[in-house]
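S.K.: just coords:
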């Protein structure tokens, strides 16, 4: 079984991002970049499936500038077989990204597309579903446990009030929740070996995708929401406050 | 052109009454146009149609009646609505994990963008949403012919304008899609829903373990009839259940009271509680970031404070 894992390069999750004074973007020019933590889980899940002899080939796909190559090397070091970069230096809308993933899917014909459920920069949680819609494939989002047996997928997905266990047949699109697994660390020797592996670079234009950018994104603002806190003196005051508030706000 | 609101049974009614979140969705829609149509999908929805028709903003009411909700996944409705929605300039839905299965998939099929988790509507083309785990807000102007919008209803007020007028009610056919996904089982939580909760008690990593969380957070929640929430840290450390998680990657809440116990106040959590009327925080560290966002605070050891609090309440 071939798995296509889509990964996004994002600002490292430890960094507090702020808007530029010019408000036309975020200030991340010198920020450390990493693989989107949700996508790290997708890579890990794919590798586990390979270790269980269920997956035969794992391809990591990312889209962006040459800087992204660094993240693809990490993916290769972790155990992914091949890496593809669709090269573009433009800001790409999510629907455009979905169209690109669709083209690579049609080219590679994997049985499974694995992705993180959302990216920690835009927090949209859209792309895996967009791709599934375009390709008319079943989608399972926010998966916390994945079992694949032959052609059948049994997945536990997170829902608002608990979880659902569902089954579907391959091919399908799955997006991973953070809780699905704990990604392995990459050791230096593996990273060094990975530098020798080839990364396929495909220029975006060569995919001949028809797309018009219809979203204009601007006015980036820091979301500062501060209040003046009234400090209470003791538990008795807290209890009184709670009693008053709950009476006033009777459900 | 008029917007279309799409809503599902479980998002529309709670104990036979219209949910506040739907009324907040009306408030979002009215910024775009003074009237909207609504499409309601579900099994037992006749009672709700009556209530919805009383609101002035509602023009036509469309219904897709389902015989069976078992094994029904929200995206199954797509074949029934794909052509119908092309009559509208804006499609609005509440933003939730549930609706995330529908709108983005629809966007993919139509080949258009969508704008998720909108916190503010500036005009019919211009919207605001949060990025970078709630640290930054950004404005998005859309030139798309159909604008697919998911609305973070907690950021809008409830719409309450009523009118005594008959509304046109139209039934649409349900066209069942190829049956892709089968439900094996649902594992429900016992806990009270967070979306609609008026009072929430929430615990952080400082609770240290499941037992403490259950005794202390659960103990207070029981006394004041509150729903239970947790910080991402608490969930990650297995101190609290995943479905309790409040924050940018969990549930966004808008209760009247939010009691944060042993929660430091990371931005991604604050974003989840920003729309609370009164935030009360308890933390051992007087410099904890949560106190910058709280209306009331008590500095002290929760293992000291909470047992006492449970006794007094």
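M.R.: Looks like it arrived, so ask away. In this text the structure is predicted, and so the values were computed from the model without any measurement.
S.K.: quick one, what contacts the closest residue in space to residue B:194 that isn't next to it in sequence?
M.R.: Nearest non-adjacent residue to residue B:194, counting by CB to CB, 6 or more residues apart in numbering or on different chains: residue B:251, 4.7 Å away. (Each C-beta comes from the backbone N, C-alpha and C, glycine too.) By CB atoms under 8 Å, 6 or more residues apart in numbering or on different chains, residue B:251 lies in contact with A:160, B:194, B:195, B:229, B:245, B:272.
S.K.: Can you give me the distance of residue B:251 to residue B:305?
M.R.: 25 Å (CB to CB, to the nearest Å).
S.K.: Where do the helices of the stretch 1-150 of chain A begin and end?
M.R.: A:37-51, A:69-78, A:94-108, A:127-135 (DSSP state H, counting those that start in this stretch).
S.K.: what would those look like in CSV with mean pLDDT and distance to chain B?
M.R.: Putting those into CSV (pLDDT from 0 to 100; distance: least, CB to the nearest CB, whole Å) gives the following:
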stretch, mean pLDDT, distance to chain B
helix A:37-51, 97, 9
helix A:69-78, 96, 18
helix A:94-108, 98, 5
helix A:127-135, 98, 3
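S.K.: which one of those helices is the most hemmed in?
M.R.: helix A:127-135 (a mean of 27; mean count of other CB atoms under 10 Å in any protein chain shown).
S.K.: From the contact counts, what lies against that helix?
M.R.: helix A:94-108, strand A:112-116, strand A:139-149, strand A:172-176, helix B:103-110 (3 or more CB pairs under 8 Å, 6 or more residues apart in numbering or on different chains; DSSP states H and E).
S.K.: Can you find the helix or strand of the chain with the lowest average pLDDT?
M.R.: Picking chain A for this. Sorting the helices and strands of chain A by mean pLDDT, DSSP states H and E puts helix A:235-248 at the bottom, at a mean of 85.
S.K.: hmm, I had chain B in mind actually
M.R.: Min over SSEs of chain B, mean pLDDT, DSSP H and E: strand B:13-14 (a mean of 80).
S.K.: what's that one in contact with?
M.R.: By CB under 8 Å, 6+ apart, strand B:13-14 touches B:19, B:45, B:47, B:48, B:196.
S.K.: rewinding a little: okay if I get the helices and strands packed on helix A:127-135 as CSV plus distance to residue A:241?
M.R.: Output for those, formatted as CSV (distance: least, CB to CB, whole Å):
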stretch, distance to residue A:241
helix A:94-108, 44
strand A:112-116, 41
strand A:139-149, 37
strand A:172-176, 42
helix B:103-110, 40
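S.K.: Show the residue spans covered by the helices in the stretch 101-250 of chain B.
M.R.: Counting by DSSP H, counting those that start in this stretch, the helices of the stretch 101-250 of chain B are B:103-110, B:210-212, B:218-224, B:232-236.
S.K.: so which of the ones you listed gets nearest residue A:236?
M.R.: helix B:218-224 (14.9 Å; CB to CB).
S.K.: The closest one near chain A at all?
M.R.: Yes: interface with chain A: helix B:218-224 contributes residue B:224 (CB under 8 Å from any CB of the partner chain).
S.K.: Now do that helix: distance to the chain's middle.
M.R.: Remark: helix B:218-224 is offset 23 Å from the chain centroid, using CA atoms, centre = their mean, to the nearest Å.
S.K.: Contact partners for residue 58?
M.R.: Picking chain A for this. Shown in contact with residue A:58 (CB under 8 Å, 6+ apart): A:2, A:3, A:5, A:43, A:46, A:47, A:50, A:79, A:80, A:81, A:82.
S.K.: should've been chain B
M.R.: B:26, B:35, B:36, B:37, B:38, B:52, B:167.
S.K.: Give the helix, strand or coil label for the residue nearest to the fifth one when sequence neighbours are not counted.
M.R.: What it means is residue B:38. Of all residues not flanking residue B:38 in the chain, residue B:5 sits nearest, at 4.6 Å (CB to CB, 6+ apart). Classification of residue B:5 by DSSP: H, G, I helix; E, B strand; the rest coil places it in strand.
S.K.: Only whichever of the contacts of residue B:58 are buried, select them in ChimeraX.
M.R.: This is the ChimeraX syntax for the buried subset of these, where burial follows 16 or more other CB atoms under 10 Å in any protein chain shown:
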select /B:26,36,37,38,52,167
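S.K.: What's the separation between residue B:239 and residue B:209?
M.R.: Relative to residue B:209, residue B:239 is positioned 6 Å away (CB to CB).
S.K.: Tell me where the stretch 51-200 of chain B has strands.
M.R.: When assigned using DSSP state E, counting those that start in this stretch, the strands of the stretch 51-200 of chain B occupy the ranges B:58-65, B:90-94, B:114-123, B:126-131, B:136-142, B:147-151, B:169-172, B:182-188, B:199-203.
S.K.: Just the contacts of residue B:58: which are in helices?
M.R.: B:26, B:52 (DSSP state H).
S.K.: about what we covered before: does chain B sit close to the least confident helix or strand of chain A?
M.R.: Yes: with CB under 8 Å from any CB as the criterion, chain B is reached by helix A:235-248 at A:235, A:236, A:237, A:238, A:239, A:241, A:242, A:243, A:245, A:246.
S.K.: which residue sits closest to the fifth one in space, ignoring its chain neighbours?
M.R.: The reference is to residue A:239. Closest residue to residue A:239 apart from its sequence neighbours, by CB to CB, 6+ apart: residue B:312 at 4.2 Å.
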